[in-house]
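>>> Just a sequence and a predicted model for now, questions to come.
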Amino acid sequence: MPIDWAPKDKLKKITLVSGSCLRESWSVKEMVEKKQQTDKRKTRLIWRIFKWIGLGLLILLLIASVIYQAPWKVITFFTIILAACTVLPKPFRKWFWLAAGVVVIALITWVLLPENNEGWRPYTFDKEQAALEAGYAIPDEENAALIYDELFETFDIHSNQPEFFTKSKPSSFSDPWLSIDHPETAEWLKGHQGTIDKLLQASKKDKCIFLPIYIESVRFGEYIERLPKIRQCAFLLISVANNDIAEGRIDAALEKHFCIVQMANHMYQQPTTIQHLVGFAIESLTLQQLNRFVIEGRTSPKHLLVISDSIIGVENNWSTDWPRILDFEKLYAKNGISSMFYEVNAQNKIRLSRGQLALTNEQFQPKKLSQSYCRRKLFKAKTILLLFYLPPSPEKISEMFDAGFEKLYAMAKPEFDWDKEPAEMQTSQKANYGALIEMLTSSLGPAYRGIHDIFLRNLALRRGSRLLIAIKQYHTQHGTWPASLNVIKSDVPAEAFIDPANGNEFEYENHGERFSLFGETINIWPK
């Protein structure tokens with residue numbers, strides 16, 4: 001019986017197929033393993049690329065921090081991170097990053113926790129402030145500011161002013177005028193007789209300091225609120241004086257002009273630049289009016305002497321007033337920065353403020369920021385960043401401001417070269433807080449130069465007014481204007497002839513029926 005080999009062939013075929021499948025399965029496995037290895041190599045390569053990019057950026061940040069003189073805390077932070085990524089042994093790196101994660105979680109928790117601000121307040125330099133206030137202290141009975149403040153409590157600068165008061169041209173403010181021509185304005189001014197009486201009462205006192213002296217930005221508005229009222233009071237006095245002159249009440253008119261001169265003198269006793277600028281403005285207004293009266297009005301020798309004495313009585317001196325103003329400005333800047341970023345409690349412990357910047361903003365924009373929880377937390381989180389940027393204490397800020405203001409104090413010295421062009425303010429390339437303060441103080445230089453120019457123009461006008469009185473006295477005696485200023489040199493102090501803007505004598509020109517007197521920056525009597 002023949003043997004059937006078919007099963008063997010089948011078995012062989014099965015064996016061959018199985019071997020082929022096995023080989024194929026091993027081949028697939030190898031391919032998968034190779035692909036996995038390739039993917040791992042790609043992943044490691046990508047990770048290595050990102051690692052070196054991160055390290056490169058970190059190194060660049062560290063180099064930039066050193067070059068731009070970032071605070072040492074920032075440089076230290078970058079150095080520690082770089083060392084942890086490179087120098088620290090690998091077994092310890094995971095513990096480092098674990099600790100870093102714990103710190104981050106702790107900081108986030110600190111930001112979200114409710115804050116106990118009981119007993120804490122914005123930091124201010126109280127000792128310096130007390131010393132400054134002590135220098136301005138005067139007895140109440142000698143202080144004209146008390147009279148001004150009593151007046152300003154009810155004084156309304158928008159009390160239905162008539163058109164002719166200051167809005168029209170000409171107005172009661174610009175030229176002498178008769179009540180019969182402007183009865184509405186005359187009646188309105190009579191309603192302010194009580195105000196004028198109060199101003200005249202204040203002018204009898206030589207000393208004036210508006211107290212308390214606020215050296216915080218949020219309280220500085222109380223200084224500003226007075227200034228429009230002082231300006232309006234000067235307008236009232238000049239308008240009434242013009243009416244008095246037109247109607248022959250010369251002594252009454254001069255009394256009101258002298259009152260304005262004294263108001264300016266009171267402004268020069270204050271500690272801020274803006275108050276001095278108001279003093280310059282109202283003194284300039286009244287001197288211009290007096291100059292016109294001296295030359296064109298019916299002036300007697302007695303009136304000329306009285307006017308001359310009133311001008312002599314004005315006291316402001318750049319070399320003494322400027323350091324006093326800077327003492328306030330510097331302390332104001334110190335308190336403004338320190339109170340924004342630091343807090344202090346009754347035990348004199350100091351800390352970085354917990355959202356004080358947000359609270360300050362709310363005082364200026366209460367509708368936008370009130371009860372803003374997220375914004376408060378955002379500012380509290382910024383405190384962490386400020387920890388790296390700010391000095392360790394407000395005293396360090398104080399030292400920086402002291403150094404920065406030294407150049408500004410030099411402006412009060414006689415040898416200061418005003419003709420030298422100030423250096424252009426350049427953006428600092430430094431990334432530290434000292435550079436910020438340096439930029440702030442250097443930016444004040446051009447503004448203070450402008451204030452000095454105003455001071456010189458005002459001083460030139462005051463000196464020119466003295467010369468106009470002597471010129472008019474000469475005209476009264478001789479019937480003609482002086483041929484030159486030399487003929488009146490014995491009647492006026494030598495300094496009155498000097499234009500403070502350039503140190504040269506004022507220019508004088510006799511045109512026969514008229515004359516002109518002028519300096520480099522001002523026309524005292526029109527050309």
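Sure, I can see it. Numbers count the residues shown, from 1 in each chain.
>>> Could I get the full set of strands for the protein?
In the chain, the strands defined using DSSP state E lie at 121-122, 342-344, 350-352, 507-510, 515-518, 523-525.
>>> Can you tell me the closest non-neighbouring residue to residue 282?
residue 234 (4.2 Å; CB to CB, 6 or more residues apart in numbering). Quick note: C-beta positions are derived from backbone N, CA and C, even for glycine.
>>> Test my guess that that neighbour contacts residue 285.
Yes: between residue 234 and residue 285 there is a contact at 6.1 Å, judged by CB atoms under 8 Å.
>>> where do the contact lists of those two overlap?
residue 260 (CB atoms under 8 Å, 6 or more residues apart in numbering).
>>> Of those two, give the one with the bigger neighbour count.
residue 234 (23 against 19; other CB atoms under 10 Å).
>>> measure that one to residue 256 for me?
Using CB to CB, to the nearest Å, residue 234 is found at 10 Å from residue 256.
>>> same check, this time on residue 83
Taken as CB to CB, the span from residue 83 to residue 256 is 77 Å.
>>> ok, now residue 330?
Distance, residue 330 to residue 256, using CB to CB: 37 Å.
>>> What pLDDT does the model give residue 324?
The pLDDT attached to residue 324 in the predicted structure is 93.
>>> sorry, that was for residue 57
82.
>>> Same check on residue 38?
On the pLDDT scale, residue 38 gets 76.
>>> ok, now the one 5 residues further on?
Here the pLDDT value assigned to residue 43 is 77.
>>> What about it, how many residues nearby?
10.
>>> any chance of the strands of the chain in CSV, plus distance to residue 380?
Output for these, formatted as CSV (distance: least, CB to CB, whole Å):
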stretch, distance to residue 380
strand 121-122, 15
strand 342-344, 12
strand 350-352, 10
strand 507-510, 64
strand 515-518, 61
strand 523-525, 58
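>>> Please name whichever of the ones you listed is nearest to residue 206.
strand 523-525 (27.2 Å; CB to CB).
>>> Quick check: buried residues in that closest one?
Neighbour-count burial for strand 523-525, counted by 16 or more other CB atoms under 10 Å, picks out 524, 525.
>>> And the closest residue in space to residue 78 that isn't next to it in sequence, how close does it get to residue 73?
Of all residues not flanking residue 78 in the chain, residue 62 sits nearest, at 4.3 Å (CB to CB, 6+ apart). Distance of residue 62 to residue 73, computed by CB to CB: 13 Å.
>>> Tell me which of the two has more neighbours.
When residue 62 and residue 73 are compared for neighbours, residue 62 comes out ahead with 18 against 12, by other CB under 10 Å.
>>> is it true that the more buried one touches residue 74?
No: with contact defined as CB under 8 Å, residue 62 does not reach residue 74; the gap is 9.3 Å.
>>> Contacts only, for the residue nearest to residue 282.
Contacts of residue 234 by CB under 8 Å, 6+ apart are 260, 263, 282, 285, 286.
>>> low-scoring stretches of the stretch 1-150 of the chain, by residue?
The stretch 1-150 of the chain contains residues with pLDDT under 70 at 1-29, 68.
>>> oh, I was asking about the chain
1-29, 68, 217-221, 313, 315, 355-372, 422-431, 527.
>>> From residue 184, how far out is the residue sitting nearest the centre point of it?
Central residue of the chain (CA atoms, centre = their mean): residue 333, 7.6 Å from the mean position. Distance, residue 333 to residue 184, by CB to CB: 48 Å.
>>> cool, residue 450 as well?
40 Å.
>>> Once you drop chain neighbours, what's closest to residue 66?
Of all residues not flanking residue 66 in the chain, residue 75 sits nearest, at 6.3 Å (CB to CB, 6+ apart).
>>> So the one you found sits against residue 64, correct?
No: between residue 75 and residue 64 there is no contact under CB under 8 Å: 10.1 Å.
>>> Tell me how the chain divides into domains.
Residue ranges for the domains of the chain, per automatic domain parsing: 18-112, 144-315, 324-451.
>>> any idea how far the first one is from the chain center?
Relative to the centre of its chain, domain 18-112 is centred 48 Å away, using CA atoms, centre = their mean, to the nearest Å.
>>> Can you get me a residue count around residue 432?
Counted with other CB under 10 Å, residue 432 comes out at 19.
>>> residues in contact with residue 331?
So residue 331 contacts 125, 128, 129, 132, 215 (CB under 8 Å, 6+ apart).
>>> circling back: pick out whichever of residue 330 and residue 256 has more residues nearby.
A direct count of neighbours by other CB under 10 Å for residue 330 and residue 256 places residue 256 higher, at 26 against 23.
>>> gap between the more buried one and residue 235?
Taking CB to CB, one finds residue 256 at 11 Å from residue 235.
>>> Residue 210 against residue 226, yeah?
Yes: contact criterion CB under 8 Å: residue 210 and residue 226 qualify, at 6.8 Å.
>>> Could you name every residue contacting both of the two?
Joint contacts of residue 210 and residue 226 (CB under 8 Å, 6+ apart) are residue 148.
>>> Those two: which is more packed in?
residue 210 (23 against 19).
>>> For that one, give me the backbone phi and psi.
phi -80, psi 120 (degrees, to the nearest 10).
>>> Check residue 345 too.
According to degrees, to the nearest 10, residue 345 has phi -120, psi -170.
>>> okay, now the nearest residue to it once chain neighbours are set aside: neighbour count?
Nearest residue to residue 345 in three dimensions, chain neighbours excluded: residue 119, at 4.6 Å (CB to CB, 6+ apart). By other CB under 10 Å, 11 other residues sit near residue 119.
>>> Kindly report the same for residue 207.
Counted with other CB under 10 Å, residue 207 comes out at 15.
>>> Could you measure from it over to residue 269?
7 Å.
>>> Residue 75 and residue 64: which has the busier surroundings?
Taking other CB under 10 Å, residue 75 and residue 64 do not tie; residue 75 has more neighbours (16 against 12).
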